[in-house]
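>>> missing the sequence, but the structure's below:
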């Protein structure tokens, strides 16, 4: 299993970025996927989930209306469109596969892509 994020960078407040996560080594279309972030000096924060077909999405309250998760199962790729970015969105963003064994957990993670929101 391999998850490779890209698309991070430095952006001004109010700007936009689109993160991508290229998946390989498993049947991507069979799994829920997540975006999780870690701000400097803080713990992991779940950001968003998407179901296997892409029709159902979930967001943490702080990004609702600003971020959009999506996926292209034909391309084995997960996306996170981030608009109206705020300095508090600065973090290392990870994509993760959602696995289940009596409970849901993130079984595989990418290496992360850095998002910095600053003027």
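Received it, and whenever you're ready, just let me know what you need. Predicted model only: the values in this text are computed from it and were never measured.

>>> who's in contact with residue 80?
18-19, 21, 35, 47-48, 67-69, 93, 95 (C-beta atoms under 8 Å, 6 or more residues apart in numbering). From N, CA and C alone the C-beta is placed, and that goes for glycine too.

>>> setting aside sequence neighbours, what's the nearest residue to the residue positioned nearest the centre of the chain?
Residue closest to the average C-alpha location in the chain (C-alpha atoms, centre = their mean): residue 35, at 2.5 Å. Of all residues not flanking residue 35 in the chain, residue 47 sits nearest, at 4.4 Å (C-beta to C-beta, 6 or more residues apart in numbering).

>>> isn't that neighbour right up against residue 34?
Yes: shown here, residue 47 and residue 34 form a contact pair, counting by C-beta atoms under 8 Å, at 7.5 Å.

>>> which SS class is the residue nearest to residue 58 when sequence neighbours are not counted?
Leaving aside its chain neighbours, residue 58 sits nearest to residue 49 (4.3 Å; criterion: C-beta to C-beta, 6+ apart). Under the three-state scheme (DSSP: H, G, I helix; E, B strand; the rest coil), residue 49 adopts strand.

>>> just list whatever residues bridge to residue 49.
Beta-bridge partners recorded for residue 49 (DSSP bridges): residue 34, residue 58.

>>> could I get the contacting residues of it?
32-34, 57-58, 69, 98.

>>> now do the strands in the chain.
2-6, 9-11, 17-24, 33-38, 44-50, 57-59, 67-72, 77-82, 91-100, 104-109, 113-117 (DSSP state E).
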